[in-house]
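# pasting the sequence and the predicted coordinates here, then a few questions.
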Amino acid sequence: MKHKGGCHCGKVRYEVEINLDKALSCNCSVCEKRGSLLGFAPEINFTLVSGEKDLQDYQFNKKVIHHLFCKNCGILPFGKAIGPDGTKMVAINLRTIDGVDLKKLAIQEHDGRKI
Ligand SMILES: [Zn+2]
């Protein structure tokens, strides 16, 4: 299903085709602080509607993931990386989807700290 979402101030807006049945709660160093609940989709299913110039890229460690957040309000709506099979992927912070019902997401714990 297609969903719309964005950052807090509204400069960054996106649309994505994604299933909202489950969410990944990761305990890696950045996710733990940020509190993201992540869902994944191929980048081909993702459209950045606005805010390209408002996005700041944050990278750390192996620098393979682009953690993209809004320079104005600080919210991170999504990140980008290449999947294990070479597919360009987006990791959506499901908390930034318009009207998302977080209670309906099946949360899967992900031990990102070990990776
Ligand atoms: Zn913003």
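Nice, thanks for sending it over.

# kindly report the residues of the protein close to the ion.
Residues of the chain lying near the ion by C-beta under 5 Å from the ion: Cys7, Cys9, Lys11, Cys70, Asn72, Cys73. Glycine gets a C-beta too; all of them are placed from N, C-alpha and C.

# so the third one sits in a strand?
In this case it means Lys11. No: using DSSP: H, G, I helix; E, B strand; the rest coil, the assignment for Lys11 is coil, not a strand.

# next up, the contacts around it.
Contact analysis of Lys11 by C-beta atoms under 8 Å, 6 or more residues apart in numbering lists Ser50, Gly51, Asp54, Cys70, Asn72, Cys73.

# next step: those restricted to strands.
Taking DSSP state E, the ones among the contacts of Lys11 that sit in strands are Ser50, Cys70.

# any of the contacts of Lys11 buried? List them.
Gly51, Asp54, Cys70 (16 or more other C-beta atoms under 10 Å).

# do you know how far the first one is from Ile107?
The span separating Gly51 from Ile107 equals 28 Å under the rule C-beta to C-beta, to the nearest Å.
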